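Participant: A predicted structure for the sequence below; I have some questions about it.
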Amino acid sequence: MIYSTVDSKIIDLISQNNITHLNHKSVVPFEVKRIYYLYGVLENQERGAHAHKELFQLLLAASGSFNVELDDGKNKKKIFLNSPSKGLLIVPGIWRNLTNFSFGSVALVLASEYYTEADYIRNYDEFLKYRKINELRIRRKCSE
């Protein structure tokens with residue numbers, strides 16, 4: 001399947017008394033196989049700058065705030081995360097870049113797969129080629 005930036009969306013998480021629950025399938029739409037977090041990122045530093053071929057992620061601002069720039073090769077959108085009760089679902093095949101970190105911010109990531117370097121696309125030009133190749137495959141399947 002070819003996803004677009006429209007498929008990446010904010011999910012309201014279950015929060016009560018300043019506790020956010022992430023253990024229910026109706027909240028996290030995939031099985032969580034890996035959890036990690038980014039911290040100590042300087043305000044002018046960027047993180048991310050890659051896409052995944054198969055991996056889904058739920059990204060949260062566990063503390064502080066930052067921007068997430070999403071790109072599907074044709075459409076771009078920028079999302080501001082600043083609440084631990086809202087998560088950004090990032091679907092496969094979307095380039096992401098995290099910017100504008102506030103002091104002391106923590107980005108928490110829940111991932112659908114274990115770490116595999118082969119799933120990463122770290123070069124933007126390669127990402128654009130990957131998107132075009134997959135679009136051609138889908139069109140061919142649809143015309144058969």
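Facilitator: All right, it came through fine. Numbers count the residues shown, from 1 in each chain.
Participant: distance between the ends of stretch 60-69?
Facilitator: Its start and end residues considered, stretch 60-69 measures 14 Å (Cα to Cα, to the nearest Å).
Participant: and for stretch 112-129?
Facilitator: 24 Å.
Participant: find the centremost residue of the chain, please.
Facilitator: Nearest residue to the geometric centre of the chain (Cα atoms, centre = their mean): residue 90, 3.3 Å.
Participant: what distance do you get for the closest residue to it other than its chain neighbours to residue 132?
Facilitator: Leaving aside its sequence neighbours, residue 90 sits nearest to residue 57 (Cβ to Cβ, 6 or more residues apart in numbering; 4.5 Å). All C-beta spots, glycine's among them, are computed from the backbone N, C-alpha and C. Going from residue 57 to residue 132 by Cβ to Cβ, to the nearest Å gives 23 Å.
Participant: who's more crowded, these two?
Facilitator: It is residue 57, of residue 57 and residue 132, that has more neighbours when counted by other Cβ atoms under 10 Å, with 22 against 11.
Participant: any idea how far the residue nearest to residue 90 is from residue 3?
Facilitator: Taking Cβ to Cβ, one finds residue 57 at 12 Å from residue 3.
Participant: residue 65 now?
Facilitator: If you go by Cβ to Cβ, the gap between residue 65 and residue 3 works out to 25 Å.
Participant: do you have the strands of this structure handy? List them.
Facilitator: Assigned by DSSP state E, the chain shows strands spanning 9-12, 14-16, 19-21, 34-39, 47-52, 57-63, 66-71, 76-81, 86-90, 95-99, 106-111, 120-121.
Participant: need these in CSV (columns: distance to residue 28 and mean pLDDT).
Facilitator: What follows is the strands of the chain, written out as CSV (distance: least, Cβ to Cβ, whole Å; pLDDT from 0 to 100):
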stretch, distance to residue 28, mean pLDDT
strand 9-12, 8, 87
strand 14-16, 10, 73
strand 19-21, 10, 71
strand 34-39, 11, 94
strand 47-52, 16, 94
strand 57-63, 6, 95
strand 66-71, 17, 96
strand 76-81, 16, 96
strand 86-90, 8, 94
strand 95-99, 18, 97
strand 106-111, 6, 95
strand 120-121, 21, 97
